[in-house]
Each structure stands twice: as structure tokens, then as C-alpha cells.
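A.B. asks: my questions are about this predicted structure, shown below with the sequence.
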Amino acid sequence: MAFMVKYLHTQSMELFLLGAIVASVLVTTLFGYVCVRYTRIFFSILTLALSQVLWSLAFKFFWVRRTTACAPTPKLLGVVTGEHEDKIEFLSHGYYHYVLVCSSPAWR
């Protein structure tokens with residue numbers, strides 16, 4: 001998300017989700033290729049080590065945002081819902097209803 005905001009100037013929640021899926025597929029493909037070649041305890045140790053490397057990189061990537069502040073408020077379905085409102089207000093109303101509709105049983 002930080003790379004998408006910084007370099008692509010994206011603010012859409014749907015594009016953030018799509019970017020996260022694509023990035024996850026790429027990283028898991030690479031890690032899977034490396035980890036599956038080992039068996040028993042070596043597989044577990046290598047999997048844990050690589051996950052710690054990812055956590056450390058994500059934790060240290062504050063230079064991408066150039067700040068330690070929160071991410072900008074995203075657009076939900078292309079509509080700016082909470083650009084000037086409090087983040088808590090946005091999360092407890094607009095984002096909550098967005099997730100509720102997207103995860104409803106009617107979509108399954």
C-alpha cells in the first residue's frame with residue numbers, strides 16, 4: 001500500500017486489495033519455491049526465518065512513507081467518504097459498512 005500511494009498515487013481501497021493479492025502471490029511463490037525444496041525441521045526453520053525477514057522489512061520501510069504517520073484515508077468504491085473526518089469515525093462507520101457488505105453471505 002505504501003508503494004502504491006507513493007509511486008502510483010492510488011487512493012482506492014479496491015486497488016489496494018488487488019495490489020495486496022498480487023504482491024502476496026508473488027512473495028509466496030518465491031518463498032514456496034525456496035522452502036519446499038527442504039524437508040522436516042529445515043522446512044519449518046526456513047519458513048519462520050523468511051517470515052521474520054518480511055516482518056523486519058515491513059517494520060523498517062518507514063522511509064517509503066517518509067513519515068511514521070498513518071496512511072491516507074482510502075476511497076471506498078471510488079467515493080471519498082472520510083477525507084476530512086477523523087480516522088476513528090471513518091473506521092467505525094464507512095469502512096465498517098464497506099467490509100460488512102463485501103463479506104456478506106449474499107456474495108458467496
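C.D. replies: Structure received.
A.B. asks: count the neighbours of Leu91 for me.
C.D. replies: By other Cβ atoms under 10 Å, 13 other residues sit near Leu91. For glycine as for every other residue, the C-beta is placed from the backbone atoms N, C-alpha and C.
A.B. asks: how near is it to Met4?
C.D. replies: 20 Å (Cβ to Cβ, to the nearest Å).
A.B. asks: got it, and Leu15?
C.D. replies: Separation of Leu15 from Met4 (Cβ to Cβ) stands at 7 Å.
A.B. asks: residue farthest from the centroid of this structure?
C.D. replies: Computed with Cα atoms, centre = their mean, the residue of the chain farthest from its C-alpha average is Arg40, at 30.6 Å.
A.B. asks: dihedrals phi and psi, that one?
C.D. replies: phi 60, psi -130 (degrees, to the nearest 10).
A.B. asks: quick one: the helices in this structure, in order.
C.D. replies: Counting by DSSP state H, the chain has helices at residues 2-7, 13-35, 40-60, 62-65, 87-89, 96-102.
A.B. asks: mean confidence score for the fourth one?
C.D. replies: Spelled out, it's helix 62-65. In this model, helix 62-65 has an average pLDDT of 64.
A.B. asks: ok, the second one next?
C.D. replies: For helix 13-35, the mean pLDDT works out to 86.
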